[in-house]
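Trainee: Based on what follows, work out the 3D shape:
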Amino acid sequence: MNAPEPVQHTAVTERHDPALWQEGLRTGLPSLFGIAAWGLVVGIAMVKTGLTPLQASGMTLLVFAGSAQLASLPLILAHAPIWVIFATAMVVNLRFVIFSALLAPHFTHLPWRQRLMYGYIAGDLTVAMFLQRFPTAAPVPGKLSYLKGLVFPNWTAWQVGSLTGIFVGSAIPAEWGLGFAGTLAILCITVPLVANSAALCGVLVAGAVSVIANGFPYKLGLLVAVFAGMLAAMATEAVLERRKSRHG
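Mentor: As a prediction, the model looks like this:
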């Protein structure tokens, strides 16, 4: 009796789709100025808090999360215990667990190392734009190419802006108001993503909750706002679907 042949596990790869890569690049291109501006503001904040350029560069390259970086800076300045700093950053970034759950069905066929890498470089806007283009997890050739066209330029814009803020930020006048310019640029990208009533309801609820919960410790208000907006959008969509089915 012959012994069974060992099962060979091969990594699944996707063929690069230049057309979808370019489409992803064009979709994300208008957001790159806002991302770079935010990175610049965070880079300046890190060195003004007292981090050395080397420490700040390491933080922006490893963490790649502006909200977590900004939330950590006052704790670093106050010499808080390291576990408190890490816990705060993790709480602020818990929204990426939601993003990962939304992206996971699209890329379950990829090796875990690739999924880990794309999870690291994916940002809030890139996930939103990807899900707007591919709202369901149905297998579509070129999805990964589209995601690459979104996430790699986004990551590069952030790092260029942040490193510029770290090394030359002190020479930039505060009167330029780059933080506000970054906010306006990101708003210009976010508004078109509100494609239906459910999305609009989610945005309004998340915005209201974020203002009400602004005083929560460790930036927990951000996480509460994300969950509230998601639940509101899901509930609104369910109500609209029931109403549509009722009226044929």
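Trainee: Could I get the buried residue list for stretch 44-58?
Mentor: Neighbour counts over stretch 44-58 (16 or more other CB atoms under 10 Å) mark 44, 45, 46, 47, 49, 51, 56, 57 as buried. Using the backbone N, CA and C atoms, a C-beta is placed for each residue, glycine as well.
Trainee: Same check on stretch 127-147?
Mentor: 127, 128, 129, 130, 134, 142, 143, 144, 145, 146, 147.
Trainee: Residue 235: which of the buried residues of stretch 44-58 is nearest?
Mentor: Taking CB to CB as the measure, residue 235 lies nearest residue 45 of those, at 36.9 Å.
Trainee: Give me the neighbour count for the closest residue to residue 166 other than its chain neighbours.
Mentor: Closest residue to residue 166 apart from its sequence neighbours, by CB to CB, 6 or more residues apart in numbering: residue 43 at 4.2 Å. With neighbours defined by other CB atoms under 10 Å, the count for residue 43 comes to 30.
Trainee: helix, strand or coil for residue 79?
Mentor: Following DSSP: H, G, I helix; E, B strand; the rest coil, the label given to residue 79 is coil.
Trainee: I misspoke; the intended subject was residue 51.
Mentor: coil.
Trainee: Just the pLDDT at it, thanks.
Mentor: Residue 51 carries a pLDDT score of 86 in this model.
Trainee: okay, now the domains of the protein?
Mentor: Domain assignment for the chain by automatic domain parsing gives 18-191, 194-248.
Trainee: ok, and which of the ones you listed has the densest surroundings?
Mentor: Of these, the one with the most neighbours on average (mean count of other CB atoms under 10 Å) is domain 18-191, at a mean of 17.
Trainee: roughly how far is it from the heart of the chain?
Mentor: Distance, stretch centre to chain centre, for domain 18-191: 5 Å (CA atoms, centre = their mean, to the nearest Å).
Trainee: Quick one: end-to-end distance for stretch 109-127.
Mentor: Using CA to CA, to the nearest Å, one end of stretch 109-127 lies 18 Å from the other.
Trainee: do stretch 102-110 as well
Mentor: End-to-end distance for stretch 102-110: 15 Å, by CA to CA.
Trainee: tell me the average confidence for it?
Mentor: Here the average pLDDT along stretch 102-110 is 87.
Trainee: same question, stretch 59-76
Mentor: The average pLDDT within stretch 59-76 is 83.
Trainee: Point out where this protein drops to low pLDDT.
Mentor: Of all residues in the chain, those with pLDDT under 70 make up the ranges 1-14, 169-195, 218-219, 248.
Trainee: 50 instead?
Mentor: The model of the chain has pLDDT under 50 over residues 1, 3-11.
Trainee: Mind jotting down where the helices sit in it?
Mentor: 18-28, 32-49, 53-63, 66-77, 82-92, 95-103, 112-121, 124-133, 143-168, 178-193, 197-212, 220-246 (DSSP state H).
Trainee: what's the angle between the fifth one and helix 95-103?
Mentor: Between helix 82-92 and helix 95-103, the angle comes out at 40 degrees (axes from the mean of the first three to the mean of the last three CA atoms, to 10 degrees).
Trainee: list the contacts for the residue nearest to residue 166?
Mentor: Contact analysis of residue 43 by CB atoms under 8 Å, 6 or more residues apart in numbering lists 56, 60, 161, 162, 163, 164, 165, 166, 169.
Trainee: hang on, the earlier thing: tabulate the buried residues of stretch 127-147 (a markdown table), appending distance to residue 27.
Mentor: Shown next, in a markdown table, are those (distance: CB to CB, whole Å):
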| residue | distance to residue 27 |
| --- | --- |
| 127 | 12 |
| 128 | 11 |
| 129 | 5 |
| 130 | 9 |
| 134 | 12 |
| 142 | 13 |
| 143 | 13 |
| 144 | 15 |
| 145 | 12 |
| 146 | 8 |
| 147 | 11 |
